[in-house]
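Q: have a look at this prediction, sequence included:
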Amino acid sequence: GAGVSQSPSNKVTEKGKDVELRCDPISGHTALYWYRQSLGQGLEFLIYFQGNSAPDKSGLPSDRFSAERTGGSVSTLTIQRTQQEDSAVYLCASSVARDGEQFFGPGTRLTVL
Amino acid sequence: DAKTTQPTSMDCAEGRAANLPCNHSTISGNEYVYWYRQIHSQGPQYIIHGLKNNETNEMASLIITEDRKSSTLILPHATLRDTAVYYCIVRANAGGTSYGKLTFGQGTILTVHP
């Protein structure tokens, strides 16, 4: 079956612009996670959604970052007023349940000029 | 604030077993040991996990010491395609601050050479 998909695969934007990154999890997976990977910070957790529960936003680096998950499926990560330090690969993962094996997508490479 | 310590890099000859160590001396009773790997330019891939018993699947074996303070991931017959960064992660599967999310450290860069 289809794995986790993310779009776009690459995004180049100018400093100060807003960007939206999309994640399509595996069908039936109730848990969805966002991580980012940058040269200076490695792989770090951002936010996660579990069913209808309030999301865990503890990893979001600033209030410029937000995410939503509509209908318990597709998720969008939004970064407002992008900064150069936001340049990274943004990875999405999903799992059957909160304690399940996480399946990762290929990531979106964001470059802020 | 990863709770694991791994060597920065390791080499292995193709066809030989690769043994990747991990120290997790502060692991809690409800935390599992997970291993993921990341091949260049791809998202991380789940390998195996365990609580206290040794585990084996089609990819690898996981040996956890009796005191649970360290573990070893074994790739029994490494191939060139196993070249990747290997992450050892401790995670609770019910409650606690590590529940759900994965906290990645720097991992071990495994290079399999011909």
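A: Cool, the structure landed.
Q: now do the worst-scoring helix or strand of chain A on mean pLDDT: distance to the chain's middle.
A: Lowest by mean pLDDT, DSSP states H and E among the helices and strands of chain A is strand A:42-50, with a mean of 92. Offset of strand A:42-50 from its chain centre (Cα atoms, centre = their mean, to the nearest Å): 7 Å.
Q: check which helices and strands that strand sits against.
A: In terms of contacts (3 or more Cβ pairs under 8 Å, 6 or more residues apart in numbering or on different chains; DSSP states H and E), strand A:42-50 is packed against strand A:31-38, strand A:65-69, strand A:75-79. To be clear about C-beta, it is placed using only N, CA and C from the backbone, and glycine gets the same treatment.
Q: can you do 7 Å?
A: When contacts are defined as 3 or more Cβ pairs under 7 Å, 6 or more residues apart in numbering or on different chains; DSSP states H and E, strand A:42-50 packs onto strand A:31-38, strand A:65-69.
Q: which positions in the longest one come out as buried?
A: If you call a residue buried by 16 or more other Cβ atoms under 10 Å in any protein chain shown, then strand A:31-38 has these buried ones: A:31, A:32, A:33, A:34, A:35, A:36, A:37.
Q: OK, contacts around the third one?
A: The neighbours of residue A:33, taking Cβ atoms under 7 Å, 6 or more residues apart in numbering or on different chains as the test, are A:48, A:92, A:93, A:102, B:101.
Q: could you tell me which of the residues you listed are located in strands?
A: A:48, A:92, A:93 (DSSP state E).
Q: could you measure from the last one over to chain B?
A: Think residue A:93. Separation of residue A:93 from chain B (Cβ to the nearest Cβ, to the nearest Å) stands at 7 Å.
Q: what's near enough to touch that residue?
A: A:4, A:33, A:35, A:102, A:103, A:104.
Q: show me where chain B dips below the pLDDT cut-off.
A: B:1-2, B:94-99 (pLDDT under 70).
Q: show me what from chain A comes close to chain B.
A: A:33, A:42-43, A:45, A:48, A:56, A:91, A:98-99, A:101-102, A:104-107 (Cβ under 7 Å from any Cβ of the partner chain).
Q: give me the number of residues near whichever residue of chain B sits closest to chain A?
A: Per Cβ to the nearest Cβ, residue B:43 is where chain B lies closest to chain A, at 3.1 Å. Neighbourhood size, residue B:43 [other Cβ atoms under 10 Å in any protein chain shown]: 23.
Q: what's the closest non-adjacent residue to the closest residue to chain B within chain A?
A: Going by Cβ to the nearest Cβ, chain B is nearest to residue A:104 of chain A, at 3.1 Å. Nearest non-adjacent residue to residue A:104, counting by Cβ to Cβ, 6 or more residues apart in numbering or on different chains: residue B:43, 3.1 Å away.
Q: residues contacting that neighbour?
A: Contacts of residue B:43 by Cβ under 7 Å, 6+ apart are A:91, A:104, A:105, A:106, A:107.
Q: now do 8 Å
A: Listed by Cβ atoms under 8 Å, 6 or more residues apart in numbering or on different chains, the contact partners of residue B:43 are A:4, A:91, A:93, A:104, A:105, A:106, A:107.
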